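Engineer: Dropping the sequence and predicted coords here.
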Amino acid sequence: MSEGTFTDITMPPPSPPPPRRQPRRTSRTVDPGRASKSPRPQRPASRATGPPQPPDLTEKINSALQSWISAPLLTAGIITRKRELLADAAVVAEDGPKLAAEVNELAKENPQVAQLIERITKAVPYSAILQVLVTMGAKIATNHRPGLLPLTSKIFGAKPLDETVGTQEQLDEQLSLLATMAATSPNGRPPDAGDNR
C-alpha cells in the first residue's frame, strides 16, 4: 500500500434517493374515461388542545440573574474588597430563583415577555462561558481569601482548601515524601514517574 491511500476505510453506501411522489389525482376513475361521482372522504377534524403551553423559562432567567448580576457584583466585591458588593451578590444569589419563578409566571401569561426573555438570553451566547469563568475565578479567589467561603460556597459551590487539597500538614508530608523519592531515584524522578526508556 503506498502512502496517501486509504483503502482500509469503509464508507457506508450512499443512501438511495427519496421515492418520487406520484402526482395527486383530482378525480377517481371507475371506468377508463369516466369520472367517479363519489364525494371525497372527509378528513378528521384536528383535535383542539388549546394554545401551546409556553416553555418554562425559570432556569434561563435565574442563570441570567446569576451570571449577569450576582457574578459581577461578587467579582467587584472581591477586587474592591467592599463588603456591600459581596452582600449584594448574596442577595441576588438567594432571591434570584424566586424572582425567576415570578418572571416565568408573567412570561406564561404574556407572550411578549416570553419573547423578550428568549431574545435577551440568546443575545449573549457567551454567557455560559462567562458564568464558568466567573465561577472558576470565585473559587480561585476563595482559595486565597478564605473569608469569602460563606458567600462563594453558597453561590458558586466553593470548598475549603482542606476539603480540596487536604491540610497544610498533609501537603507538606506528601511533598516531603516526593522529595525523598526523587533524591533517592537514579534519574532524579520518583520510581513510578513513568520512565519509558
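Structural biologist: That came in fine, so what should we check first?
Engineer: who's in contact with E84?
Structural biologist: Contacts for E84 were tallied using Cβ atoms under 8 Å, 6 or more residues apart in numbering; they are G77. For glycine as for every other residue, the C-beta is placed from the backbone atoms N, C-alpha and C.
Engineer: Following the record's annotation, map out the domains of the protein.
Structural biologist: Domain segmentation of the chain under automatic domain parsing yields 58-159, 160-192.
Engineer: And the ones you listed: which comes nearest R21?
Structural biologist: With Cβ to Cβ as the criterion, R21 lies closest to domain 58-159 of the domains of the chain, at 36.2 Å.
Engineer: how about the helices in this structure?
Structural biologist: Residue ranges of the helices in the chain, as given by DSSP state H, are 58-65, 71-80, 83-109, 111-123, 127-144, 149-156, 161-165, 168-184.
Engineer: the inter-axis angle of the fourth one versus helix 58-65?
Structural biologist: Yep, that's helix 111-123 we're talking about. 50 degrees (axes from the mean of the first three to the mean of the last three Cα atoms, to 10 degrees).
Engineer: Hmm, T152 and A90 touching each other?
Structural biologist: No: using Cβ atoms under 8 Å as the test, A90 is too far from T152 to be in contact (9.8 Å).
Engineer: and the two? which has more neighbours close in?
Structural biologist: Neighbours per residue (other Cβ atoms under 10 Å) separate A90 from T152, with T152 holding more: 28 against 19.
Engineer: Which residue is the nearest non-sequential neighbour of the more buried one?
Structural biologist: A158 (3.9 Å; Cβ to Cβ, 6 or more residues apart in numbering).
Engineer: do you know how far that neighbour is from L57?
Structural biologist: 28 Å (Cβ to Cβ, to the nearest Å).
Engineer: same question, Q131
Structural biologist: Where L57 is concerned, Q131 sits at a distance of 17 Å (Cβ to Cβ).
Engineer: Quick check, pLDDT for K37.
Structural biologist: pLDDT, K37: 57.
Engineer: do Q112 as well
Structural biologist: Looking at Q112, the pLDDT reads 91.
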